[in-house]
Every structure is written in C-alpha cells, then in structure tokens.
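S.K.: Need coordinates for the below:
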Amino acid sequence: MLDIRFVRENPELVRENIRKKFQDSKLPLVDTVIELDEKRRAAISEADQLRSNRNSLSKKIGMLMGQAKKEPSKLEEAEAVKKQVTEQAERLAELQKLEAELEAELHHNMLLIPQIIDESVPIGKDDSENVEVERFGEAAIPDFPIPYHTEIMDSFNGIDLDAAGRVSGSGFYYLLGDIARLHEAVLAYGRDFMISKGFTYCIPPFMIHGNVVEGVMSQTDMDGMMYKIEGEDLYLIGTSEHSMIGRFIDQILPAGKLPQTLTSYSPCFRKEKGAHGIEERGIYRIHQFEKQEMIVVCKPEESKEWYEKLWRYSVELFRSLDIPVRQLECCSGDLADLKVKSCDIEAWSPRQGKFFEVCSCSNLGDAQARRLRIRYKDESGKTQLCHTLNNTCVAPPRMLIAFLENNLQADGTVKIPEVLRPYMGGTEQLTPNAR
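M.R.: You can find the predicted model right below:
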C-alpha cells in the first residue's frame, strides 16, 4: 500500500504505474483517494478547531458563572455559551463519525492501488511476456521416453489419487513408501540448505487472523486463495510467508536486529486448482501441499541485494539436485499489486521439453510493512518502514515432478543426488517395485 501523501504529491506517477501494469480500470482510484483524503483532512481540521473552541468556551462559561454571582445578567450569557458548546459537541460527534467513515473508505481504496514497480521491471501485459534472463545447467531431452509424473510415482507404488479422491475430493493425494520418503527428504534438505546460509529455522502458525491476511496480500489474491475457518476470524495459510511476515506486525525493530532472515516449514492450503489440461493433472496444482520458504525483513537500502541473493539460493539448491533451471523476470502485468519486483525460477521438464515454475522470488518493498506497521529505528532514531522479501525454497510435490523427471534413468530407476542421500538413509537410487 502506498503512502497517501505520496499519492497526493505524485498523482501522475501513480497513474503511470497503473498503466504500466495494464490496470486502467483502476485509474479513477487516484482521484477518488485524493478526494477522500481532502474530505478526511477537512473533517479532522474542523474537529480540531471545535476541540480548541470547546476548551476556550469552557473557560468562558466558568468565568461567566463566577461573575453571575455579582451580575445576574451574566447567567443568561453563560447559558447561551453552554448551548453553543452543546451544538459544537453534536457537530464534533458528526465529524468523528464522518472521519471514521472516510478513513475506512480511503483505506479500502488505497489497498487497491498497486505498489510502484521497480524501474528495471520489463513492461508486459501478462506472464506470456515475462523475460528469460539466464539458464543454469543443460536442458536436455533423454533418448528414452519420460512418463507422466504420476506414472513414475506409481511405478514405486508411491501415490494413490483414487483413495484421496474418495476421502477429500479432487486436488488431494496420498504419497506412499519411497516417494513419501523422498518428499520429506527434499523438505529436510531444503531446511538444512537455508540454515547453512545463516537463516533461522521456524515452524509458524498455520492459521492467521484476517488483518494479517489483508496485510500480506491483495484482496483479489485473498478471495481466490484463502480458506476461511467458519465462524472464526482465522484463515488457513496459503504459504508460510503469510504468518512469517505477520510475526512482525506492530513491531519497531532495533536497527541492529536487521536483517531478519528466516526459513520456515508449513503445509499450505489453496482454493484454486488452476487451469485444466494435461499439465494440470496429477499433483501439479493441488489444494494442499508442503513447502520450505525463505523470508527477509530488512532496511530499504538492503532489499535489492537480498533479492539477488534469494533467487540465486534457489538456483544453487536445484542445481545441487541435478535439475536444470532458468530465471524468468516477471513483467509488469504479471506482478501482484504488492510486488515491486519478482522473478520465477523454472525447472526443466524433459518430458514436456520446456521449463515450469518451481520458485517465486519477490521484493515487496514497504508494501507489507506499511499495512502491518513493521518498522525500525534508523541511526538517527527516526522510525522507518522495513522492506520485506520472500522466496520459495522447495515446494513438493511440484518440486518432486522436476526431481523425478530429471533423475529418472532409462531402466526406470531414479538416481538420488549425493547431497540428498543422507536424508534417504544412504540410498543411491530408487528401484521400481516391479523389479
């Protein structure tokens, strides 16, 4: 969310940013919030004046009442002033109600105005115009066929979608045996990988209050993603970033405690199941999955450097598992409203002969910090807003798809990269059950 003062002083810049994101329907919001802000400030000014008048009138009443003992005519004058005080008190109550209404309406509209994007973000309408920046590893297609990921899992008796459908419906799964163990191994490896980078491991709450949801994501994303607990002000998290950033709500952090670098494990729950088609079958898009996340809360001048570090950690981790990846810069039209800059790390799918998203790295500037009032004191003692960043570390089962396809051998076995073997009891390869 932007600072209303910034919008007031830079309306054309805010409009141009909206155009760059191809959200022209939001252009009227700029005039709306400026008008609401003007009315709100006028109400505040009038209310402040009435409060000041009330103090002076109260003194005047006291003086007149004192004089009335000697001059009875002063009593009538005092009653007139009392009537004036009553009228102003009624007007003050009206203004306080109006101020609250204007504040709520202003806040709602401000939430809809997108964050100012970084000048380096490529301009484009949607994800089809995202820009490939760099590739890491050889994206090769083997000389043997790669089965669909659920077929690979099934060869190890590692998945049961039918039972999950009977128990929970579509978008759920049972993982079994070696595949379930591999799932947990990848998460554990991701955890230790981030700890080795100096991040503090955390297991956060898996449910959060509505004000935290509003603080970490846009209303559109909230409605399309979040599961609400019926009858309670609680939502199941769609990613642990939500509760991890929420941890710092209403906090003023000492400058010496920044940056806060945390890596968190959680299950994630999401309403959307995505588009339909061959690549949406199986466990590609699901309602429930587990993830290892990384988040950073830092000073504004440090956020660009941390953005570079975070996405490179993803590249390093995936390459250590023998998975080729590429960095894809998200264009303006593909950025969520709170994001200043974002990129996807996409893994190579030898079966499809193309890359697909496995990590999303984002710099949100001060957007979340402003909504949640996450601040720090700078060297001069002045209170400033922090910047927040997040990135996926590993998110099986999608990460498992990339792992299985890239480590599948011609004989149907799956190679276990050296870094993962300690988490698999020393196992060097998985062998299909039929063998």
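S.K.: When you work out contacts or count neighbours from here on, use the C-alpha atoms and nothing else.
M.R.: Noted.
S.K.: And the next helix or strand past the strand or helix carrying N109?
M.R.: Using DSSP states H and E, N109 maps to helix 73-112. Sequence-wise, the next helix or strand downstream of helix 73-112 (DSSP H and E) is strand 131-136.
S.K.: Work out the gap between the helix or strand of the chain with the lowest mean pLDDT and the centre of the chain.
M.R.: Sorted by mean pLDDT, DSSP states H and E, the helices and strands of the chain end with helix 219-225, the least confident at a mean of 72. Distance of helix 219-225 from its chain centroid, counting by CA atoms, centre = their mean, to the nearest Å, is 11 Å.
S.K.: Please enumerate residues in contact with it?
M.R.: 111-112, 213-214, 238, 269-272 (CA atoms under 8 Å, 6 or more residues apart in numbering).
S.K.: Next step: these restricted to strands.
M.R.: F269 (DSSP state E).
S.K.: From the contacts of helix 219-225, list the buried ones, please.
M.R.: Among those, those scoring as buried are 111-112, 213-214, 238, 269-271 (criterion: 16 or more other CA atoms under 10 Å).
S.K.: Q368: which of those is nearest?
M.R.: E214 (9.1 Å; CA to CA).
S.K.: How is the residue nearest to V296 when sequence neighbours are not counted assigned, secondary-structure-wise?
M.R.: Computed as CA to CA, 6 or more residues apart in numbering, the closest residue to V296 that is not its neighbour in sequence is T261, at 4.7 Å. Classification of T261 by DSSP: H, G, I helix; E, B strand; the rest coil places it in strand.
S.K.: which residues does T261 contact?
M.R.: 198-200, 294-297.
S.K.: In helices only, show me those.
M.R.: Counting by DSSP state H, no part of the contacts of T261 is found in helices.
S.K.: Next, format those as TSV and append pLDDT, distance to L328 and neighbour count.
M.R.: Shown next, in TSV, are these (pLDDT from 0 to 100; distance: CA to CA, whole Å; neighbours: other CA atoms under 10 Å):
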residue	pLDDT	distance to L328	neighbour count
G198	97	26	12
F199	98	25	19
T200	98	28	15
M294	97	19	28
I295	97	20	27
V296	98	21	26
V297	98	24	28
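S.K.: got CSV for those, with distance to C386 too?
M.R.: Output for the contacts of T261, formatted as CSV (distance: CA to CA, whole Å):
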residue, distance to C386
G198, 20
F199, 18
T200, 19
M294, 17
I295, 13
V296, 10
V297, 6
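S.K.: So which of those residues sit within strands?
M.R.: Per DSSP E, the subset of these in strands is 200, 294-297.
S.K.: quick one, helices of the chain?
M.R.: 4-9, 11-20, 28-67, 73-112, 149-155, 161-167, 177-196, 210-216, 219-225, 240-246, 303-320, 367-372, 398-407.
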